[in-house]
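Participant: fold the following and give me the result.
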Amino acid sequence: MKTSEVDLLIMPGWENSGPDHWQSRWERQLKTARRVEQADWDRPIKDEWVARLAVEVDAATRPVVLIAHSLGVTAIAHAAGVMNADRIAGAFLVAAPDLDALDIWPSREGGFAPVPLAPLPFPALLVASADDPYCTIARSRAFTDAWGATLIEAGPAGHINSESGHGPWPEGLMQLGWFLKRL
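Facilitator: Coordinates of the predicted model:
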C-alpha cells in the first residue's frame, strides 16, 4: 500500500503532539493524514477517546492506517473491539506507555489502565525504545506478543517524541513505508 491509497489517522497521546512532534510533521506532509481530535487532551477519558476514534474510522473513505503515539497506542488497544476492524488495514504504534506500572493521571482516573492485552484484529507494528521512561523494552515485547504485533526496537531513543530529539524522525517515516508495503 501507498499513503495515497489509505486514510492515515493520527492518534496523539496525552497532551496532544505539538507542532514539532513527528506526528504533527507527518500530518502536514502526508496528504491523506488527519489527526483524530479529542475534546480534552489534558484530562483524557478512555471512553471518549475510544468513541471518537471509532467515529473517525467509520468516516474514512479508504482503508485506514492508524498512526499512534504513547497514550494513543493504549486508546487503540482499548478501541480494537469496538472499531470496525474491517476498515483498518493496520496500525503503526510508537512508544506504548506501560500504564499498569505508572502512577500518572490517565492511568487510573482516565480509565486507560489496565492496558488491554487481547490480540488486535488488524496487523500492527510497535516501535519501542530501550530507554523509554514510560515503558521498559521487556514490557513492549509483552505488548507485541499479546497484540500479535511486530516489534521494532529503536535502541535508546527516549519516548520517541520531540523532547527526545525526534521532531522530523525520518527513520520512523521509513519504517512506516516498510509497514505499508507489507499490508
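
Participant: what are the boundaries of the strands in the chain?
Facilitator: 7-11, 33-35, 64-69, 88-94, 124-128, 150-153 (DSSP state E).

Participant: residues of the third one that come out buried?
Facilitator: Within strand 64-69, the residues scored as buried using 16 or more other Cβ atoms under 10 Å are 64-69. To be clear about C-beta, it is placed using only N, CA and C from the backbone, and glycine gets the same treatment.

Participant: angle of that strand against strand 88-94?
Facilitator: 10 degrees (axes from the mean of the first three to the mean of the last three Cα atoms, to 10 degrees).

Participant: where's the longest helix along the chain relative to the chain centroid, distance-wise?
Facilitator: With secondary structure taken from DSSP state H, the chain has its longest helix at helix 46-59. The chain centre lies 14 Å from the centre of helix 46-59; the measure is Cα atoms, centre = their mean, to the nearest Å.

Participant: contacts made by it with the rest, please.
Facilitator: 9, 11, 34, 36-40, 64, 66, 75-76, 78-79, 82-84, 87-88, 106, 110-112 (Cβ atoms under 8 Å, 6 or more residues apart in numbering).

Participant: against Thr61, how distant is the nearest residue to Arg35 once chain neighbours are set aside?
Facilitator: Residue nearest to Arg35 in three dimensions, not counting chain neighbours: Ile10, with 4.8 Å by Cβ to Cβ, 6 or more residues apart in numbering. In this view, Ile10 and Thr61 are 16 Å apart by Cβ to Cβ, to the nearest Å.

Participant: tell me how many other residues crowd Ala60.
Facilitator: Number of residues near Ala60 (other Cβ atoms under 10 Å) recorded here: 18.

Participant: residues contacting it?
Facilitator: Here Ala60 is in contact with 7, 9, 87 (criterion: Cβ under 8 Å, 6+ apart).

Participant: hmm, try it at 10 Å
Facilitator: 6-9, 32, 34, 84, 87-88 (Cβ atoms under 10 Å, 6 or more residues apart in numbering).

Participant: show me which helix or strand of this structure is least confident by mean pLDDT.
Facilitator: For the chain, counting by mean pLDDT, DSSP states H and E, helix 105-108 ranks last in confidence among helices and strands (a mean of 68).

Participant: which residues touch the closest residue to Ala68 other than its chain neighbours?
Facilitator: Leaving aside its chain neighbours, Ala68 sits nearest to Met11 (4.1 Å; criterion: Cβ to Cβ, 6+ apart). The neighbours of Met11, taking Cβ under 10 Å, 6+ apart as the test, are 17, 23, 35-36, 38, 49, 52-53, 56, 66-76, 79, 91-93.
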